[in-house]
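[1] next come a sequence and a model predicted from it.
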Amino acid sequence: MIATENVNPAEIHKFGSLADSWWNPNGAFKTLHAVNPLRMQFIRAHASLPGCRILDVGCGGGILSEALAEAGGEVLGIDLAPELVAVATRHAEAGNLNLRYRSLSVEALADEVPGQFDVVTCMEMLEHVPRPESVVNAVARLVRPGGWVFFSTLNRHPRAWLLAVVAAEYVLNMIPKGTHDYNTFIRPSELTAWARTADLTLRDMAGVSYNPLTRQFSLGGDTGVNYLAAFMRTGD
């Protein structure tokens with residue numbers, strides 16, 4: 001059951017309808033498979049994962065959740081699309097991982113178990129909800145003081161529209177058409193302002209770039225399209 005108004009039902013349906021292709025590395029979500037090692041590289045550069053209690057918000061079919069569990073974390077993945085939670089659960093059953101999934105909102109979980117996680121990840125999810133600042137606030141309530149929060153999202157910059165929408169969806173067919181709405185993209189300044197209000201301090205930011213000639217993704221200083229941000233929870 002959806003326990004928050006901070007949800008776009010069309011987005012839930014859009015991704016839920018593609019659940020069965022989530023784990024196909026050459027399918028609709030091949031880009032997620034391709035960038036996942038970079039996400040893990042960025043996360044592990046800041047946080048020691050073995051033994052950590054980790055929350056993956058907007059986990060989808062579980063690509064990042066499984067990688068975090070394989071790195072030694074005790075992982076909970078949450079998503080509002082029941083179809084994705086079902087796919088993630090089935091896929092995880094094949095491995096012996098410290099990993100479980102629930103279908104509920106991050107706001108509801110923050111009311112239930114505040115301050116219970118050492119690391120919280122929220123990747124490519126903020127641009128798909130009506131009030132991303134509510135997600136940032138809930139994530140901040142869920143992580144313990146001194147814990148780490150990692151976001152990835154798309155910058156509301158003309159190059160992001162050109163590369164992440166026009167090129168990725170309509171020219172290169174890297175992701176399904178209609179995946180993104182440019183108007184929902186989030187500038188780094190907006191994300192850091194929401195985080196600061198929620199007692200999260202920015203520690204690092206990196207851009208994710210794609211080379212169409214080599215078909216490889218890489219981390220770097222260009223945050224004009226897609227970017228990762230690492231925050232630490234301050235306060236008592």
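    Perfect, I can see it now. Everything numeric here is computed off the predicted structure, so don't read it as measured data.
[2] the top helix by length along the chain: which residues count as buried?
    Longest helix of the chain, by residue count under DSSP state H: helix 30-44. By neighbour count on 16 or more other C-beta atoms under 10 Å, the buried set for helix 30-44 is 31-32, 35-36, 38-40, 42-43. Every residue, glycine included, has its C-beta placed from N, CA and C.
[3] right, and the helix or strand after the helix or strand of the chain with the lowest mean pLDDT?
    In the chain, no helix or strand scores lower on mean pLDDT, DSSP states H and E than helix 158-160, which sits at a mean of 72. Scanning forward in sequence from helix 158-160 by DSSP states H and E, the next helix or strand is helix 188-197.
[4] C-terminal to that next one, what's the next element?
    strand 200-211.
[5] only the buried residues of stretch 12-31, if you could.
    Of the residues in stretch 12-31, 12, 15-16, 18-19, 22-23, 28-29, 31 count as buried by neighbour count, 16+ other C-beta under 10 Å.
[6] starting at the chain centroid, how far to it?
    Relative to its parent chain, stretch 12-31 has a centroid offset of 15 Å by C-alpha atoms, centre = their mean, to the nearest Å.
[7] pull the CA atoms of it into PDB?
    Extracted as PDB, the C-alpha positions of stretch 12-31 are listed here (Å, rounded to 0.1, in the frame of the first residue of the first chain):
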ATOM      1  CA  ILE A  12       5.300   3.600 -10.300                       C
ATOM      2  CA  HIS A  13       3.400   2.000 -13.200                       C
ATOM      3  CA  LYS A  14       6.000   2.900 -15.800                       C
ATOM      4  CA  PHE A  15       8.800   1.100 -13.900                       C
ATOM      5  CA  GLY A  16       6.700  -1.600 -12.500                       C
ATOM      6  CA  SER A  17       5.600  -2.700 -15.900                       C
ATOM      7  CA  LEU A  18       9.200  -3.300 -16.900                       C
ATOM      8  CA  ALA A  19      10.000  -5.300 -13.800                       C
ATOM      9  CA  ASP A  20      10.600  -8.600 -15.600                       C
ATOM     10  CA  SER A  21      13.400  -7.100 -17.700                       C
ATOM     11  CA  TRP A  22      15.200  -5.500 -14.700                       C
ATOM     12  CA  TRP A  23      18.000  -8.100 -14.400                       C
ATOM     13  CA  ASN A  24      18.600  -8.400 -18.200                       C
ATOM     14  CA  PRO A  25      22.100  -6.700 -18.600                       C
ATOM     15  CA  ASN A  26      21.200  -6.100 -22.300                       C
ATOM     16  CA  GLY A  27      17.600  -5.000 -21.700                       C
ATOM     17  CA  ALA A  28      15.700  -1.900 -20.800                       C
ATOM     18  CA  PHE A  29      17.900  -1.300 -17.700                       C
ATOM     19  CA  LYS A  30      21.300  -2.000 -19.200                       C
ATOM     20  CA  THR A  31      22.400   1.500 -18.300                       C
END
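[8] quick one: average confidence on it?
    The predicted model gives stretch 12-31 an average pLDDT of 84.
[9] which residue packs closest to the spatially most central residue of the chain, ignoring adjacent ones?
    Geometric centre of the chain, nearest residue: Met123, 1.2 Å, by C-alpha atoms, centre = their mean. Nearest non-adjacent residue to Met123, counting by C-beta to C-beta, 6 or more residues apart in numbering: Ser152, 4.4 Å away.
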